[in-house]
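**Student:** Structure for the following, please:
(chains A and B)
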Protein chains: 2
Amino acid sequence: MQPMSRTLTTTPAADGYRMPAEYAPHSGCWMLWPERPDNWREHARPAQAAYAAVAAAIARFEPVTVGVGARQFEFARAQLAPQIRLVELSSNDSWMRDVGPSFVTDGRGGLRGIDWRFNAWGGLDGGLYFPWDQDDLVARKVLEIERVDRYRAPIVNEGGAIHVDGEGTLLVTEQCVLNPNRNPSLSRVQLEAHFRDWLGVDKVIWLGEGVFNDETDGHIDNLACFVRPGVVALTWTDAKRDPQYRVSRDAWERLNDARDARGRRLRVVKLPQPGPLRMSAREARGILARDGAKPRRAGERLAGSYVNFYIANRGVVVPLLDARTDRAALRRIAALFPGRRVVGVPAREILLGGGNIHCITQQVPATGGREGDRHGEGRRRGEAAR
Amino acid sequence: MQPMSRTLTTTPAADGYRMPAEYAPHSGCWMLWPERPDNWREHARPAQAAYAAVAAAIARFEPVTVGVGARQFEFARAQLAPQIRLVELSSNDSWMRDVGPSFVTDGRGGLRGIDWRFNAWGGLDGGLYFPWDQDDLVARKVLEIERVDRYRAPIVNEGGAIHVDGEGTLLVTEQCVLNPNRNPSLSRVQLEAHFRDWLGVDKVIWLGEGVFNDETDGHIDNLACFVRPGVVALTWTDAKRDPQYRVSRDAWERLNDARDARGRRLRVVKLPQPGPLRMSAREARGILARDGAKPRRAGERLAGSYVNFYIANRGVVVPLLDARTDRAALRRIAALFPGRRVVGVPAREILLGGGNIHCITQQVPATGGREGDRHGEGRRRGEAAR
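**Tutor:** A predicted model of the protein is given here:
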């Protein structure tokens, strides 16, 4: 293990690093602790319970670390299962996928992290809150604790805006990545070049819009994801009058037309959309609205999607969102991941805050040298917990 | 490595653990970042420079981690050498020796930490500030990051109040350990029993008072320390009218009368006292005095002592305090540690805040299983830096 986290001035691709897929082995998972009362109802107590349940579910498969601000350290420690590591780590909200590092590996035991510039999903032009100064330090702090070298990327990006297949293909949405509130001076071609340099990919597949009313400007991780190379899961509705129909239909067509980095056609598996779900009056009343944070109103359509799951070492942790569709979604996801145990966790409280299980997690890839050990550790612990 | 930090309900001795001496191999060193302007002059800028120099000196020999509150994270990162790991970690002040864990090992690869109760060196009866809530969480946070199991001790104690020889002997002062502002309900005999249970020692050697005007109520680590089993360094003055003379003389006599846990007589080596040193008017003016923190006044005698050094893997980091005595002290310490490189660091700014290099550091012992690796790592890095 390296004794320090250096900040590098090269790019991952130039150094022989690329981003592995989420379904590759992990050494662990990072999360943050939700607390802001202007985003989470009832002072975030219900959301905290949901986050704690997600952390416990993932800890069945791999070690979990949760970061929390100083004020709630003791409270979070009491809420979280004892096998979860808790570290002091300030943030403006609790979306580790988007504020944490995207890890890259070199296949020879090397592990490094990309620290993207972060602007709260759009900065002062449509972003969700101000300030985001603590969020933008999270990736660096994670990398320091893990003693992992850091690349500071020159572009605004979030982990939820990118999905890779681990074999050279990147999946993104135009709505998010080309949004003028992220990198207004960069063209599609320039952004593709950046992704090649930073993620080590060869091919970018562009979908159009994200899930209807997704406040991240349409993150890919709520719409579609790789299940393995050549296979993509997509949130779907057959209701033609639902605004999501047009979005999913367009994504389905683009995916069917696409070839991945290895020239393969993609198989697209549809996951049923829950709901449509809306914020209730009671839920909206529990939020302490204030200037500077996105208002949340009763009746607002929620961007629920079963695609927003987390792939752990030998498991998949899936949001439960709607009793009418949960079972079908779990069954379909289980069929997609024959080697993994699928665990559902009630996640409406996470959805109310604007995302879901994938958005609040960030995997640390296992590396060649330690992969066997660490993966084995995750397996043993997962099995003991069953 | 264990995937979590459990809180244990047994005692170290019952589990076969004991505290190793500071001169045993380390896997690293922890420190905190000073910032409170009511203790450190000029908003702690000169102290921060001194702490950074200490961290850099220790990092020549072993990996160093520094904890810092969220507000100063980026500033501290810029001040500290890049090879130092920086983690967010709140505290009320910056004395890792006293608020951090005391580590114990079992000689078979096991490493655990003792989280003492902390009351800011005397609580509301002579303590140095209020509150101390963040300080009392530091040990737990260190152990979580390190994934090391934790004992929560039932007594008030500080790391600076204890020195062990690693072979069953504990050195303490009556002034501190028997002070009614620490554990008023416990007798000397009961405290010895606690030390046996928590540190795994067989014999307690009691000195009387600590260094004159030492605001910790006479911590042993400013007065005397083991250099190796059977050899103790003691701060000394021959000036009979100096109030330190009586203190050092009493300690010298007690040490000469003592036998250690193995029945050995002790060799006592005198280190010259610097000064006497006093706080200047200019230094006192730089402190933003306020209610609730110990006042610091011009002319106040400073409890300077060369005994307050840190023993690193292949080095000793020694405070430089007085041009008239520094060289003699360094020479004598070098003679005491033939296998280590002795490095002096200007430390008056640390002394102005009430302690010195030993007080602001806490070693993590290397364990049997990983000792070779980790010690080797420290050695290689130390040599590369020379």
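
**Student:** Can you list the buried residues in stretch A:257-274?
**Tutor:** Residues of stretch A:257-274 classed as buried by neighbour count (16 or more other CB atoms under 10 Å in any protein chain shown): A:258, A:260-261, A:266, A:268-269, A:271-274. All C-beta spots, glycine's among them, are computed from the backbone N, C-alpha and C.

**Student:** now, among the residues you listed, which is nearest to chain B?
**Tutor:** Nearest to chain B, judged by CB to the nearest CB, of the buried residues of stretch A:257-274 is residue A:271 at 31.6 Å.

**Student:** The closest one - nearest residue in space that isn't next to it in sequence?
**Tutor:** Spatial nearest neighbour of residue A:271, chain neighbours left out: residue A:306 (4.6 Å); criterion: CB to CB, 6 or more residues apart in numbering or on different chains.

**Student:** Look at the one you found and report its pLDDT.
**Tutor:** In the predicted model, residue A:306 carries a pLDDT score of 98.

**Student:** did I read that right, it in a helix?
**Tutor:** No. Counting by DSSP: H, G, I helix; E, B strand; the rest coil, residue A:306 is not found in a helix; it is coil.

**Student:** Would you point out the most distant pair within the buried residues of stretch A:257-274?
**Tutor:** Across the buried residues of stretch A:257-274, the longest distance by CB to CB is 31.9 Å; it joins A:261 and A:274.

**Student:** picking up where we left off before, quick one: residues contacting the residue nearest to residue A:271.
**Tutor:** Contacts for residue A:306 (CB atoms under 8 Å, 6 or more residues apart in numbering or on different chains) come out as A:235, A:271-274, A:318-319, A:321, A:325, A:329, A:333.

**Student:** Now tabulate those in TSV and tack on secondary structure.
**Tutor:** Shown next, in TSV, are those (three-state DSSP):
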residue	secondary structure
A:235	strand
A:271	strand
A:272	strand
A:273	coil
A:274	coil
A:318	strand
A:319	strand
A:321	coil
A:325	coil
A:329	helix
A:333	helix
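
**Student:** now, which of the residues you listed sits nearest residue A:170?
**Tutor:** Using CB to CB, residue A:235 is the member of those that lies nearest residue A:170, at 19.1 Å.

**Student:** Can you check what pLDDT the model gives that closest one?
**Tutor:** 98.

**Student:** what sits against the spatially closest residue to residue A:134 that is not a sequence neighbour?
**Tutor:** Of all residues not flanking residue A:134 in the chain, residue A:90 sits nearest, at 4.4 Å (CB to CB, 6+ apart). For residue A:90, the contact set (CB under 8 Å, 6+ apart) comprises A:69-70, A:134, A:137, B:70, B:88.

**Student:** quick one: secondary structure of the nearest residue to residue A:280 once chain neighbours are set aside?
**Tutor:** Sequence neighbours aside, residue A:298 is the residue nearest to residue A:280 in space, at 6.4 Å (criterion: CB to CB, 6+ apart). Under three-state DSSP, the three-state class of residue A:298 is coil.

**Student:** Looking at residue A:298 now. What's its pLDDT?
**Tutor:** pLDDT recorded at residue A:298 is 94.

**Student:** And the residue nearest to residue A:134, which helix or strand is it part of?
**Tutor:** Taking DSSP states H and E as the definition, one finds residue A:90 inside no helix or strand.

**Student:** Pull up the gap between it and residue A:32, please.
**Tutor:** 9 Å (CB to CB, to the nearest Å).

**Student:** Equivalent analysis for residue A:127, please.
**Tutor:** From residue A:127 across to residue A:32, the span is 18 Å (CB to CB).

**Student:** Between those two, tell me which one has more neighbours.
**Tutor:** Neighbour count, other CB atoms under 10 Å in any protein chain shown: between residue A:127 and residue A:32, residue A:32 has more, with 28 against 18.

**Student:** What sits closest to the more buried one if chain neighbours are left out?
**Tutor:** residue A:94 (4.0 Å).

**Student:** Thought residue A:360 was touching that neighbour, still the case?
**Tutor:** Yes. Counting by CB atoms under 8 Å, residue A:360 is a contact partner of residue A:94 at 6.3 Å.

**Student:** joint contacts of those two?
**Tutor:** With CB under 8 Å, 6+ apart as the test, residue A:94 and residue A:360 both reach A:31-32, A:34, A:51.

**Student:** Looking at the residues you listed, spot the one nearest chain B.
**Tutor:** Distance to chain B across the shared contacts of residue A:94 and residue A:360 (CB to the nearest CB) is lowest for residue A:32, with 12.3 Å.

**Student:** Phi first, then psi, for that closest one.
**Tutor:** For residue A:32, the backbone dihedrals are phi -120, psi 170 (criterion: degrees, to the nearest 10).

**Student:** Now do the contacts for it.
**Tutor:** Contact analysis of residue A:32 by CB under 8 Å, 6+ apart lists A:66-68, A:89, A:91, A:93-96, A:99, A:138, A:360.

**Student:** ok, 10 Å please
**Tutor:** Listed by CB atoms under 10 Å, 6 or more residues apart in numbering or on different chains, the contact partners of residue A:32 are A:51, A:65-69, A:89-97, A:99-100, A:135, A:138, A:142, A:360-362.

**Student:** With residue A:218 instead?
**Tutor:** Going by CB under 10 Å, 6+ apart, residue A:218 touches A:161, A:172-177, A:179, A:207-212, A:247, A:303.

**Student:** which of these count as buried?
**Tutor:** Using 16+ other CB under 10 Å, the buried ones in the contacts of residue A:218 are A:161, A:172-173, A:175-177, A:179, A:207-212, A:247, A:303.

**Student:** Return the member of those nearest to chain B.
**Tutor:** Nearest to chain B out of the buried ones among the contacts of residue A:218 is residue A:161 (CB to the nearest CB; 25.2 Å).

**Student:** Tell me where the stretch 201-350 of chain A has helices.
**Tutor:** For the stretch 201-350 of chain A, the helices defined by DSSP state H, counting those that start in this stretch cover A:243-257, A:281-285, A:326-336, A:348-352.

**Student:** Could you check the second one and say which residues are buried?
**Tutor:** To tie it back to what came earlier, the one meant is helix A:281-285. If you call a residue buried by 16+ other CB under 10 Å, then helix A:281-285 has these buried ones: A:283-284.

**Student:** tell me how far it is from the chain's mean position?
**Tutor:** 26 Å (CA atoms, centre = their mean, to the nearest Å).

**Student:** Mind telling me what element the residue in the stretch 151-300 of chain A that chain B sits nearest to is part of?
**Tutor:** Nearest to chain B, among the residues of the stretch 151-300 of chain A, is residue A:152, at 12.4 Å (CB to the nearest CB). Of the helices and strands defined by DSSP H and E, residue A:152 is found in strand A:149-156.

**Student:** for that strand, packing partners?
**Tutor:** When contacts are defined as 3 or more CB pairs under 10 Å, 6 or more residues apart in numbering or on different chains; DSSP states H and E, strand A:149-156 packs onto strand A:7-8, strand A:102-105, strand A:111-117, helix A:135-146, helix A:188-199.

**Student:** right, and residue A:69 touches residue A:134 too?
**Tutor:** Yes. Residue A:69 lies in contact with residue A:134 (CB atoms under 10 Å); the separation is 8.2 Å.

**Student:** overlap in contacts of these two?
**Tutor:** Counting by CB under 10 Å, 6+ apart, the residues touching both residue A:69 and residue A:134 are A:89-92, B:70, B:88.
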